[in-house]
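Engineer: Attaching a predicted model along with its sequence, questions to come.
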Amino acid sequence: MVDLRISQLSAVAWIAMACGIASADTQSMSVNASVSAICKFNSGQTPVLAFGAIDPSGTTNAIASTTVLYRCTKGTVASVSSAVTGTRTLTGSGTAAGDSMSYTLSFTSGNAGTGTGFGSGQDLALVLAGTITPANYQNKTVGPYADNVTLTVTP
């Protein structure tokens with residue numbers, strides 16, 4: 001009877017061990033991530049290239065400049081489209097409706113740069129300059145003139 005009991009206990013222990021071994025397993029898993037090359041304009045600003053009030057009796061170029069801030073993924077080489085530069089047109093409105101004035105727009109710096117990241121203080125600065133020559137403003141109708149420029153920054 002003792003032998004039967006020992007053999008039953010042995011069988012139960014063996015089955016318990018076999019079940020425990022059979023239910024345990026391990027698996028290796030790799031973990032990875034990728035950071036994208038992205039460039040974005042700083043959404044906390046609204047840049048304006050403002051010539052202000054121009055005296056039509058003037059004989060010097062009306063000049064204005066503005067800085068546009070953008071950020072790129074660290075190590076990403078950025079480029080701001082130059083399709084907006086060159087000779088452009090300010091269109092009159094209000095009392096100047098129907099009149100227009102030519103000006104030139106150019107990058108003075110920052111239209112290409114290498115990103116340092118999106119954290120605080122990581123802005124790259126794009127500086128744009130505009131020029132209106134006296135020949136383009138001396139015989140214009142009084143009133144407001146405007147143009148809308150769409151800048152594009154790409155990695």
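Structural biologist: Great, that's in hand.

Engineer: Skipping its backbone neighbours, what lies nearest residue 58 in space?
Structural biologist: Spatial nearest neighbour of residue 58, excluding adjacent residues (Cβ to Cβ, 6 or more residues apart in numbering): residue 134 at 6.0 Å. Where you see a C-beta, it was placed from the backbone N, CA and C, and this is true even at glycine.

Engineer: residues contacting that neighbour?
Structural biologist: Contacts for residue 134 were tallied using Cβ atoms under 8 Å, 6 or more residues apart in numbering; they are 58, 59, 60, 61.

Engineer: Tell me both backbone torsions, phi and psi, for it.
Structural biologist: The phi and psi values for residue 134, taken as degrees, to the nearest 10, are phi -50, psi -40.

Engineer: same question, residue 84
Structural biologist: Taking degrees, to the nearest 10 as the convention, residue 84 sits at phi -90, psi -10.

Engineer: Quick check: which element contains the residue nearest the centre of the chain?
Structural biologist: For the chain, the residue nearest the mean C-alpha position is residue 40 (0.5 Å; Cα atoms, centre = their mean). Counting by DSSP states H and E, the element that carries residue 40 is strand 39-41.

Engineer: strand partners of that strand, parallel vs antiparallel please.
Structural biologist: Applying DSSP bridges to the sheet, strand 39-41 is found paired with strand 62-72 (antiparallel).

Engineer: what's the partner strand in contact with?
Structural biologist: Identification of contacts with strand 62-72 by Cβ under 8 Å, 6+ apart yields 37-42, 45, 47-52, 54, 78, 80, 108, 110, 113-118, 122-132, 137, 151, 153, 155.

Engineer: And the helix or strand following that strand, how far out from the chain middle?
Structural biologist: Next along the chain after strand 62-72, taking DSSP H and E as the criterion, comes strand 77-80. The chain centre lies 10 Å from the centre of strand 77-80; the measure is Cα atoms, centre = their mean, to the nearest Å.
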